[in-house]
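Engineer: sequence plus the predicted model coming up.
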Amino acid sequence: MSNDSQFRTALGRARGLGSAHHGVSAFIVERSTSVALVPLCLWAVYAAIKVAPLGYESAVLMLRQPVNAIMSLLLVGVSFLHMRVGLRVVIEDYVHTPAAKILALLANSTLCWLGWAIATFSILWVAFVGGPVH
Amino acid sequence: MAEATSTGKGVRSRPTSPHLQVWRWHVTMAASILTRATGIALYGGAVIAAVWFAALMVGPDAYGPVMILLGSWLGKVVMFGLTFSVFYHLAAGLRHLVWDAGSGFNPHTANMTAVGAMAFALVATIVVWALAIQTGAVR
């Protein structure tokens, strides 16, 4: 790598210890999503209190309102992105056996993408179709 | 860590970070552990949210039982914990953003913001639950 530090020894580089020089994107994703989650989480607490006492029909009507549907989509999308990067750091800190680490990282990604897809599809379904699946 | 150090012949043990067994207990350490713990709790919270959205799509037959479960004794304990987790992780996140900007590192400031984040989370959780009980969200 051309921008590799001049202070790294050839042996150190060959052993692959130290920075891989591509961790910055994960750092930026974690921070930028955390900023977005400040207003989104405050809205989520407010919306949860509003929706909790409602029955099924009223809850559907509430989610069908464009502002609520859009905020829900943003909340779910940004949350699962933040969670995927966040738990990845936890796994990399505590799981050191290569096989277990790879499995844990795959499970994390799978759960996050699956949760995101299920929640997003459900929100869009309720918003556009507006009722139970038949 | 043994796996990581025993792979290469002649490689000296890599330096390890200070960990639970060797660190004296102090408030910034508790704040750090609590940030991770609440983050992992919120992971569960996001799964609950996804189940809730899915139940709303599937219909009253799914939505009813989910709401009964969330309104049960156990459900209330979980939701109370998640409320605290949201507020604590939010405050801890803001603390980290200030650190990323390069300030707030002096020990006195770090101690104060750690206590501040915990106090904020506790007060915000109690206020939100008082509002939730008052508006009929929690019965």
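Structural biologist: It's in. Quantities reported herein were computed from a predicted structural model and do not represent experimental measurements.

Engineer: in chain B, what residue is nearest chain A?
Structural biologist: B:Gly59 (2.7 Å; CB to the nearest CB). Heads up, the C-betas are built off the backbone N, CA and C, glycines and all.

Engineer: verify the contact between that residue and A:Val129 for me.
Structural biologist: No - at 11.4 Å, B:Gly59 does not count as touching A:Val129 under the criterion of CB atoms under 8 Å.

Engineer: quick one: the helices in chain B?
Structural biologist: Taking DSSP state H as the criterion, chain B carries its helices at B:2-6, B:27-58, B:60-71, B:73-100, B:107-134.

Engineer: give me the element the residue in chain A positioned nearest to chain B is part of.
Structural biologist: Residue nearest to chain B within chain A (CB to the nearest CB): A:Pro132, separated by 2.7 Å. Using DSSP states H and E, A:Pro132 is not contained in any helix or strand.

Engineer: so what's it up against?
Structural biologist: Residues in contact with A:Pro132 (CB atoms under 8 Å, 6 or more residues apart in numbering or on different chains) are B:57-61.

Engineer: I'd guessed B:Thr113 sits against B:Phe105; true?
Structural biologist: No - counting by CB under 8 Å, B:Thr113 does not reach B:Phe105; the two are 10.3 Å apart.

Engineer: so which of the two has more stuff around it?
Structural biologist: Legend: neighbour count by other CB atoms under 10 Å in any protein chain shown for B:Thr113 and B:Phe105, higher for B:Thr113 (21 against 9).

Engineer: got any ranges where chain A has weak pLDDT?
Structural biologist: Filtered on pLDDT under 70, chain A yields the residue ranges A:1-6, A:8, A:13, A:16-21, A:134.

Engineer: name the residues of stretch A:42-54 that are buried.
Structural biologist: Buried residues in stretch A:42-54, counted by 16 or more other CB atoms under 10 Å in any protein chain shown: A:43-45, A:47-49, A:51-52.

Engineer: which of those residues come close to chain B?
Structural biologist: A:44-45, A:48-49, A:52 (CB under 8 Å from any CB of the partner chain).

Engineer: return the residues in contact with the residue nearest to B:His89 when sequence neighbours are not counted.
Structural biologist: Nearest residue to B:His89, sequence neighbours excluded (CB to CB, 6 or more residues apart in numbering or on different chains): B:Thr38, at 4.4 Å. Going by CB under 8 Å, 6+ apart, B:Thr38 touches B:84-85, B:88-89, B:92.

Engineer: any stretches of chain B with poor pLDDT?
Structural biologist: Per-residue confidence for chain B (pLDDT under 70) gives these ranges: B:1-11.

Engineer: how near is the spatially most central residue of it to A:Trp43?
Structural biologist: Centroid-nearest residue in chain B, with CA atoms, centre = their mean: B:Thr38, separated by 1.3 Å. Distance, B:Thr38 to A:Trp43, using CB to CB, to the nearest Å: 19 Å.

Engineer: residue contacts, A:Ala117?
Structural biologist: With CB under 8 Å, 6+ apart, A:Ala117 has no contacts at all.

Engineer: tell me which helix or strand it sits in.
Structural biologist: helix A:98-128.

Engineer: and that helix, how far out from the chain middle?
Structural biologist: 9 Å (CA atoms, centre = their mean, to the nearest Å).

Engineer: that one versus helix B:27-58: what angle between them?
Structural biologist: Interaxial angle, helix A:98-128 versus helix B:27-58 (axes from the mean of the first three to the mean of the last three CA atoms, to 10 degrees): 50 degrees.

Engineer: go through helix A:98-128 and flag the buried ones.
Structural biologist: By neighbour count on 16+ other CB under 10 Å, the buried set for helix A:98-128 is A:104-105, A:108, A:111-112, A:115-116, A:118-120, A:122-123, A:125-127.
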